[in-house]
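Engineer: No sequence on hand, only this structure:
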């Protein structure tokens, strides 16, 4: 064996021995702790429940000593939960022992492995065979231990926890329940949680590997002696934030304690100098100014307050609050000119698939004045910082006709809000999220955190090099290979779990990072490590940054090219729409560009009312999440060029339209423009960083009289696209005379009668069939599990070119002799085709008059199911039979007709033909409509009809209450 090989072997053996010693030490410590703790009686109990979600969530798993990480999605086999469809509002959990035991206290840990609202709310405690509860109480919707105190009990053999309500989550339960013989002290609980957290941490083993990893003595000396360019670090101390999703870290996971500190290493543990103490609050993050004299930070002073931005001098003087008000203001970063970019929820908007307020990118002066919104996102922006060239880089979440889990990608924008462009990952499935980007000094690459969609904002750390491909696997260098980040073209990215966050690149060799609250100094090659600062007082350290004695290079101050006074429009110059479309689309086929806005969700709704995946309020049957608004159409010249205006300050995307009005290609991402901005585009679905090719003067310039013009507004007007208001009138004129009534041809009923969620024709043309596989329209499914369709961007693969309905409309629906049966005019055809190509929206607004209903839309008579079953048991069970629950199996569609309910099949089929029914049951069950049981079923709809007359559903009225976001009104005036 060569000397080098021997040395490597010895080093590897020393490392393995260190790991074994570390594991042994921890096991010994755990044993010592266990001896000092009260006995956990739940570990020896027989545990049962009256509901279990599946074999992965049995009652016995509630006492396994394992507390899953909040939002970690790793609780199968380690938590108990109920079948939410039957026991969401209550369940019984019972503990029994062979011999009587003494019980002093119960500790409940809510089920938070997926969603915080899967915790139980109210409870009752029963002992042995008692019928009266010993105790009652209310639990919090939170992660961690909750005490359930008990009076002196004596000895018992059975304890039953009866949960009587929940916080509305899908499948409520418990991550762990401990029953102690003596009440544990606060210190006992800390020890218990420490052990359980380690057991529940998927990186439990790698923690020891990290500790046993050889420390670089030379790097430690260089760091301690200031040879890396600094002697001190700014750090935030706090509890680890454990939100349900990566986009909820600003409004979930609050736990008070910690503060803002300056850390200076020495020969021992180093010194922490307190700048801000936050015993009742939480500091989220910080950013050191370029000259190293000031610190900008986000501070939530109490649970009942919002994050606000503050600044303070590095010596602890000059504390000043910069923002205030009833919104979250956070994630601030210094701009090169001394202004501040930050995120704010001040513009009302909420995640379409959740309840969190949306924080988007703003900028302001250092004193908090002159606040301006520079992002038009209707979902979340994340963690802005500066590129070396002066642009802002940040994470951005969107799902324009895409599933919601992936695509928290990296974007860049100029500080005045112009020149928005993707940096990396807009069609990457895994990792789902790229967050906390930081530019590597002297480089175009960035360091960032890569993680999942659900759970906390920690995972792997990587270097991103978009020059290798803006969606390419090769562009990602995973610096933490023990964390599996998946593949860019597979899965959903929602299984990326790791302990790393807050990366900070020091130079082109080294970076700082927080690993489970411990600050590490590492090199990019993975050969050197120094443990800088360990957890302290049960809290970790995050957002570490150096305080340099000399100012670091200030990024370029990018001058704004926006006019001081500008109308609320921007100008787009499209060079050649066929760049990216050929050979699938022939030159000359594209005639227009359709300009579309995604409308935000401006009012919060509760997740318990979700439908069609995670829609609440419902907008479609599982297609588009967001309502759409068509601003109009602009012409495309013969050479593929276009020159036009678009409204500023709105989330917009473009669709390339042929001569019939069909979409040959669509954007599945949005962009925005600032007032007065002029921006070019080289083609359709071309990489945004591709250089334009040379060509002669664009024909669109030559054909424009008086400069660029705004889009021609569609004939249905400038409004949210409402199916019942825009499409249904076309069907009423041309289709319903045949495709209506009691027996429409082939069961294709195109009438406009309302159903529980939509109307009849929408049910047939969009919802019918397996989700996403309607026989008449090829729409893009956006529910979870369909992430791979994000990669399908081939022209004409979605929408009207691939839809049977479009073929029928354009051909005139010919009979068997080829003769057209209908002649839909051009306006009518365009309405139908636009609806398909907008990804089949039904509602043109995200507002609702029924936030307390399923999907914030569903209308079902309250007594309908009860009355129908009563009649069915008496008159239909002999033919239709019963299921295992005794329910008569009456044939039902997935929808319920609420307008003209007598046309529902379950009323037509048993009704005699002579009375207007179809009598498909064979022998008539109802001889006439006067039959008391027939009338009883029909009368259940009357209260619903009366309610809707007083308070109509949004598709039943002649107005839409939300036409979409308003453009930014104030022009952006930048400092020189």
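Structural biologist: Here it is on my side, so go on. Note that the coordinates shown come from a computational prediction; the quantities given were computed from them, not determined experimentally. Residues are numbered from 1 along each chain as shown.
Engineer: OK, contacts around residue 794?
Structural biologist: Residues in contact with residue 794 (CB atoms under 8 Å, 6 or more residues apart in numbering) are residue 584. The C-beta positions use only the backbone N, C-alpha and C, and glycine is treated the same way.
Engineer: Okay, it and residue 802: tell me how far apart.
Structural biologist: 10 Å (CB to CB, to the nearest Å).
Engineer: Pull up the distance across stretch 904-914, start to finish.
Structural biologist: Stretch 904-914 has an end-to-end distance of 17 Å (CA to CA, to the nearest Å).
Engineer: can you list contacts of that stretch?
Structural biologist: 742, 868, 875-876, 890-893, 896-897, 901-902, 917-921, 924-929, 934, 937-938.
Engineer: what sits against the residue nearest to residue 163 when sequence neighbours are not counted?
Structural biologist: Leaving out its chain neighbours, the residue that sits closest to residue 163 by CB to CB, 6 or more residues apart in numbering is residue 120, at 4.1 Å. By CB under 8 Å, 6+ apart, residue 120 lies in contact with 108, 110, 139, 163, 165-167, 172-174.
Engineer: Compare those residues and tell me which is most surrounded.
Structural biologist: Ranked by neighbour count (other CB atoms under 10 Å), the contacts of residue 120 have residue 173 at the top, with 32 neighbours.
Engineer: what's near enough to touch that one?
Structural biologist: 53, 57, 62, 79-82, 111, 118, 120.
Engineer: Run through the bridge partners of it.
Structural biologist: As for beta bridges, residue 173 partners with residue 81, residue 119 under DSSP bridges.
Engineer: Could you check the pLDDT of it?
Structural biologist: Residue 173 is assigned 97 on the pLDDT scale.
Engineer: Residue 246 versus that one, what's the distance?
Structural biologist: Residue 173 is 23 Å from residue 246, by CB to CB.
Engineer: Report the separation between the closest residue to residue 588 other than its chain neighbours and residue 906.
Structural biologist: Excluding the flanking residues, the one nearest residue 588 by CB to CB, 6+ apart is residue 638, at 6.7 Å. Relative to residue 906, residue 638 is positioned 57 Å away (criterion: CB to CB).
Engineer: Between those two, point out the one with more neighbours.
Structural biologist: The neighbour comparison of residue 638 against residue 906 (other CB under 10 Å) goes to residue 906, with 20 against 10.
Engineer: and the more buried one, that's in a helix?
Structural biologist: Yes - membership of residue 906 in a helix is supported by DSSP: H, G, I helix; E, B strand; the rest coil.
Engineer: Just the buried subset of the contacts of stretch 904-914, please.
Structural biologist: When the contacts of stretch 904-914 are checked for burial by 16 or more other CB atoms under 10 Å, the buried set is 868, 876, 890, 896-897, 901-902, 917, 919, 921, 924-926, 934, 937-938.
Engineer: if I pick residue 453, what's in contact with it?
Structural biologist: 245-246, 404-406, 408, 432-433, 492-494.
Engineer: Also residue 514?
Structural biologist: By CB under 8 Å, 6+ apart, the contact list for residue 514 reads 500-502, 520, 540-544.
Engineer: Can you spell out which residues form a bridge with it?
Structural biologist: Taking DSSP bridges, one obtains residue 501, residue 519 as the residues bridged to residue 514.
Engineer: how close does it get to residue 778?
Structural biologist: Here residue 514 is placed at a distance of 46 Å from residue 778 (CB to CB).
Engineer: ok, and for stretch 808-821, which residues are buried?
Structural biologist: 808-810, 813.
Engineer: Mind splitting this structure into its structural domains?
Structural biologist: Per the record, the chain has its domains at 38-200, 204-547, 569-673+688-837, 860-952, by automatic domain parsing.
Engineer: Can you redo the ones you listed as JSON lines, where the extra columns are distance to residue 682?
Structural biologist: Shown next, in JSON lines, are the domains of the chain (distance: least, CB to CB, whole Å):
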{"stretch": "domain 38-200", "distance to residue 682": "40"}
{"stretch": "domain 204-547", "distance to residue 682": "12"}
{"stretch": "domain 569-673+688-837", "distance to residue 682": "4"}
{"stretch": "domain 860-952", "distance to residue 682": "45"}
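Engineer: and residue 851, which of those domains is closest to it?
Structural biologist: If you check each of the domains of the chain against residue 851 by CB to CB, domain 569-673+688-837 wins as the nearest, at 5.4 Å.
Engineer: start to end distance for the closest one?
Structural biologist: 25 Å.
Engineer: Relative to the whole chain's centre, how far out is that domain?
Structural biologist: Taking CA atoms, centre = their mean, to the nearest Å, one finds domain 569-673+688-837 lying 24 Å from the centre of the chain it belongs to.
Engineer: Stretch 86-101 too?
Structural biologist: The answer for stretch 86-101 is 35 Å, by CA atoms, centre = their mean.
Engineer: Report the rounded mean pLDDT for it.
Structural biologist: 95.
Engineer: residue boundaries of the helices in the stretch 101-250 of the chain?
Structural biologist: Using DSSP state H, counting those that start in this stretch, the helices of the stretch 101-250 of the chain run over residues 186-200, 204-212, 217-224.
Engineer: And the stretch 301-450 of the chain, by the same measure?
Structural biologist: Using DSSP H, counting those that start in this stretch, helices in the stretch 301-450 of the chain do not occur.
Engineer: Can you pull out the low-pLDDT segments for it?
Structural biologist: Within the stretch 301-450 of the chain, no stretch has pLDDT under 70.
Engineer: Now do the contacts for residue 447.
Structural biologist: With CB under 8 Å, 6+ apart, residue 447 has these contacts: 437-440, 461-464, 503-505, 511.
Engineer: ditto for residue 681
Structural biologist: Neighbouring residues of residue 681 by CB under 8 Å, 6+ apart: 572-575.
Engineer: So which of those wins on neighbours?
Structural biologist: Neighbour max across those (other CB under 10 Å) = residue 574, 25 neighbours.
Engineer: Does it touch residue 592 like I think?
Structural biologist: No - checked against CB atoms under 8 Å, the pair residue 574 and residue 592 is beyond contact range at 11.5 Å.
Engineer: Could you pull up the residues touching residue 364?
Structural biologist: 322-323, 339-340, 342, 370-372.
Engineer: In strands only, show me those residues.
Structural biologist: 340, 342, 372 (DSSP state E).
Engineer: re the thing from before, which of the contacts of residue 447 sits closest to residue 603?
Structural biologist: residue 437 (31.5 Å).
Engineer: What separation is there between the closest one and residue 940?
Structural biologist: Using CB to CB, residue 437 is found at 56 Å from residue 940.
Engineer: between those two, who's got more neighbours?
Structural biologist: Neighbours per residue (other CB under 10 Å) separate residue 437 from residue 940, with residue 437 holding more: 26 against 18.
Engineer: I'd like to know how far that one sits from residue 135.
Structural biologist: Residue 437 is 50 Å from residue 135, by CB to CB.
Engineer: got it, and residue 507?
Structural biologist: 60 Å.
Engineer: same thing with residue 672?
Structural biologist: Residue 672 sits 55 Å away from residue 135, taking CB to CB as the criterion.
Engineer: Reformat the contacts of residue 364 as CSV; add neighbour count and distance to residue 557.
Structural biologist: Conversion of those to CSV gives the following (neighbours: other CB atoms under 10 Å; distance: CB to CB, whole Å):
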residue, neighbour count, distance to residue 557
322, 20, 21
323, 23, 23
339, 17, 10
340, 23, 14
342, 23, 18
370, 13, 16
371, 16, 20
372, 18, 17
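Engineer: out of those, which one sits closest to residue 183?
Structural biologist: Nearest to residue 183 among the contacts of residue 364: residue 323, at 43.3 Å, using CB to CB.
Engineer: What distance do you get for the closest one to residue 220?
Structural biologist: 39 Å.
Engineer: Then residue 238?
Structural biologist: Counting by CB to CB - residue 238 and residue 220 are separated by 26 Å.
Engineer: Looking at the two, which has the bigger crowd around it?
Structural biologist: residue 238 (27 against 17).
Engineer: And for the closest residue to residue 49 other than its chain neighbours, the neighbour number?
Structural biologist: Nearest residue to residue 49, sequence neighbours excluded (CB to CB, 6+ apart): residue 59, at 3.9 Å. Residue 59 has 24 neighbouring residues, counting by other CB under 10 Å.
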